[in-house]
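[1] Fold the following and give me the result.
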Amino acid sequence: RNRIAQLYRFDSSSNDQETASLLLSDVQLDLSFNSISRVDEGGGGAFGPLTSVLAKLNLNNNELSQFQLGALLRRGGSKFDSLRELHLDYNKIEHVPDQLLQSLGKLELLSLKGNLIHTMQSEMAFYGLNLSLRKLNLAANRIQSLGRRVFAHVGKLRELSLERNLLGNGGNNLSALLLGGGVTAGTGNYNNSEPQLKYLNVEANGLSAAQLAALLDSQQLAGVETLRIGHNWLGGQLEQYATTLFVNYKNLTYLDVQNAQLTRVPYLAGLNGSLAALNLAQNRLCHVNGRNLRRVYPRLRQLNLNMNPLRCDCNLISLRQWAAEVSSSSSSSSNPISPAATTTTPSDEQQQQQQTAAVYSSGLSWKCAAPNFNANKYLNRVPLSDLMCFDDEELAPRCELDEDYQTAASARPTTSSSAAPPH
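    Sure thing, here's the model as predicted:
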């Protein structure tokens with residue numbers, strides 16, 4: 001960490017400029033954790049001969065606004081012909097000016113995490129990146145609204161991070177995300193290629209189930225493989241969209257719905273042929289039906305129920321049996337399923353999830369909350385003789401049962417101490 005406050009313009013009269021460009025390639029420049037708030041204009045730009053050979057530029061944790069960014073990228077006197085990664089996290093950028101990034105024709109990763117961006121409406125914000133940009137991080141801003149075509153010029157995008165924004169504050173103005181279909185910079189040709197998005201994160205936006213449905217109701221998201229929608233206000237409303245919302249998501253393998261106030265497991269039409277990992281941690285689930293998991297999600301191999309108030313009685317025997325079967329089949333497989341089954345290199349977070357997947361699927365981390373004599377025990381360690389059902393509400397508080405999927409519309413079965421445990 002230094003205390004650099006200003007990037008001065010390079011003296012373009014220097015005779016060493018061309019020599020430096022010839023000697024260097026794929027340069028990575030890290031100016032993070034400074035106090036940069038001013039960028040000189042004119043001349044050879046702030047980086048002089050380095051501009052054309054920079055492959056990665058890290059300006060995280062400075063004090064740059066969109067105005068300084070314009071001086072750096074648009075009016076610097078040189079083009080960033082080789083720049084593939086641009087990191088601008090935790091600055092003071094309030095919006096992305098139109099066509100600001102059009103000279104970055106090879107940019108693959110753009111990270112604007114933790115800035116002050118409050119709205120993104122113009123489809124020209126990412127103009128020029130249609131053929132290059134693969135990863136876009138807009139997390140932890142203040143975004144309340146997204147223009148329907150704001151991502152029209154990033155048709156090759158594979159990862160989009162929008163978590164920890166304020167999209168839920170936008171009311172009913174949210175519309176389905178559209179990717180691609182814009183005009184390719186420099187050619188004037190209309191690009192109508194199929195979107196390639198594989199990873200989408202909209203966690204912690206204060207979204208209701210209706211708002212989430214409006215955002216995700218797009219044919220152009222059909223290729224998504226990893227979807228994170230947790231830490232939103234979904235609750236029981238998600239069931240209203242169970243038969244429609246995900247019917248086009250035929251490639252979805254990992255779904256994260258943690259901390260969403262769910263009281264019932266969401267059985268979502270369209271995912272029966274693909275879903276391999278489901279994260280339901282930190283919800284309000286007390287009963288999970290193993291038979292339903294087999295019927296609705298036959299490919300499911302990873303299930304995270306950590307930090308749910310599980311009621312370990314006779315109704316959870318089917319879940320325990322399902323976990324044992326999955327654990328047995330997973331241990332015999334030499335190619336375990338990744339939580340984020342994308343073709344890109346897994347992030348540290350994704351690698352950590354893959355390492356703990358066996359714990360989740362085997363039930364080792366599923367701790368019982370009730371009845372009292374099973375509380376704080378792990379489900380797989382509770383003797384089968386202790387998985388009993390009672391009518392006494394003091395021994396077993398009320399719980400919303402996860403009824404058999406095929407008979408969910410019928411009356412719920414009553415349980416008693418003499419009831420035979422389900423198989």
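[2] SS state for Leu160?
    strand (DSSP: H, G, I helix; E, B strand; the rest coil).
[3] Could you list the low-pLDDT ranges of the stretch 301-423 of the chain?
    Filtered on pLDDT under 70, the stretch 301-423 of the chain yields the residue ranges 330-364, 391-398, 406-423.
[4] cutoff 90 now
    Low-confidence segments of the stretch 301-423 of the chain, defined by pLDDT under 90: 327-365, 380, 389-423.
[5] Would you map the strands across it?
    Listed in chain order, the strands of the stretch 301-423 of the chain (DSSP state E, counting those that start in this stretch) span 302-304, 310-311, 368-370.
[6] Among those, which comes closest to Pro195?
    strand 302-304 (26.3 Å; CB to CB). Just so you know, the C-beta spots here come from the backbone N, C-alpha and C atoms, and that holds for glycine as well.
[7] ok, Leu238 - how many residues close by?
    By the criterion of other CB atoms under 10 Å, Leu238 has 22 neighbours.
[8] Would you enumerate the residues in contact with the residue nearest to it when sequence neighbours are not counted?
    Of all residues not flanking Leu238 in the chain, Ala209 sits nearest, at 4.8 Å (CB to CB, 6 or more residues apart in numbering). Applying CB atoms under 8 Å, 6 or more residues apart in numbering, we find Ala209 in contact with Trp233, Leu234, Gly235, Gln237, Leu238, Gln240, Tyr241.
[9] Of the strands of the stretch 301-423 of the chain, flag the one that's most buried.
    Per-stretch averages of neighbours, counted by mean count of other CB atoms under 10 Å, single out strand 302-304 among the strands of the stretch 301-423 of the chain, with a mean of 25.
[10] List the pairing partners of that one within its sheet, with orientation.
    With DSSP bridges as the test, strand 302-304 is paired with strand 277-279 (parallel).
[11] Give the next helix or strand downstream of the strand it pairs with.
    helix 290-296 (DSSP states H and E).
[12] residues making contact with that following helix?
    265, 267, 272, 300, 303, 317-323, 402, 404-406, 422.
[13] Name the residues of that helix that are buried.
    Gly290, Arg291, Asn292, Leu293, Arg294, Val296 (16 or more other CB atoms under 10 Å).
[14] try stretch 258-267
    So for stretch 258-267, counting by 16+ other CB under 10 Å, buried means Gln258, Asn259, Ala260, Leu262, Thr263, Arg264, Val265, Pro266, Tyr267.
[15] Using CSV, lay out the residues you listed together with secondary structure.
    CSV is the format used below for those (three-state DSSP):
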residue, secondary structure
Gln258, coil
Asn259, coil
Ala260, coil
Leu262, coil
Thr263, coil
Arg264, coil
Val265, coil
Pro266, coil
Tyr267, coil
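[16] would you list the residues you listed in CSV and tack on distance to Ala213 and pLDDT?
    CSV is the format used below for these (distance: CB to CB, whole Å; pLDDT from 0 to 100):
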residue, distance to Ala213, pLDDT
Gln258, 19, 97
Asn259, 19, 98
Ala260, 14, 97
Leu262, 16, 96
Thr263, 19, 94
Arg264, 17, 93
Val265, 18, 95
Pro266, 13, 94
Tyr267, 16, 95
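[17] Show me which of these is closest to Ile229.
    Lowest distance from Ile229 to the buried residues of stretch 258-267 (CB to CB) belongs to Ala260, with 7.3 Å.
[18] With the flanking residues excluded, which residue is spatially nearest to that closest one?
    Nearest non-adjacent residue to Ala260, counting by CB to CB, 6+ apart: Leu234, 4.1 Å away.
[19] what about the one you found, how many neighbours?
    Residues near Leu234, counting by other CB under 10 Å: 24.
[20] Arg311 touches Cys286, doesn't it?
    Yes - with contacts counted by CB atoms under 8 Å, Arg311 reaches Cys286, the gap being 4.4 Å.
[21] Next, show the common contact partners of the two.
    In contact with both Arg311 and Cys286: Ala369, Ala370, Cys399, using CB under 8 Å, 6+ apart.
[22] Name the nearest residue to the second one, ignoring sequence neighbours.
    If the residues on either side of it in the chain are set aside, Ala370 comes closest to Arg311, at 4.6 Å by CB to CB, 6+ apart.
[23] do the first one as well
    Leaving out its chain neighbours, the residue that sits closest to Ala369 by CB to CB, 6+ apart is Pro309, at 3.9 Å.
[24] Might one say that that neighbour is in contact with Leu285?
    Yes - using CB under 8 Å, Pro309 is in contact with Leu285, at 7.4 Å.
[25] So for those two, which residue has more residues nearby?
    Leu285 (21 against 17).
[26] Nearest residue to the more buried one in space, please, no chain neighbours.
    Using CB to CB, 6+ apart and skipping the chain neighbours, the partner closest in space to Leu285 is Asn308 (4.3 Å).
[27] Quick one: neighbours of that neighbour, just the number.
    Residues near Asn308, counting by other CB under 10 Å: 23.
[28] Phi and psi next, for the residue nearest to Gln68 when sequence neighbours are not counted.
    In space, Gln68 comes closest to Val39 once its chain neighbours are excluded; the distance is 4.5 Å by CB to CB, 6+ apart. Main-chain dihedrals, Val39, degrees, to the nearest 10: phi -130, psi 120.
[29] what number of residues lie near Val39?
    Val39: 22 surrounding residues under other CB under 10 Å.
[30] now Asn172
    9.
[31] A strand includes it, no?
    No - counting by three-state DSSP, Asn172 is not found in a strand; it is helix.
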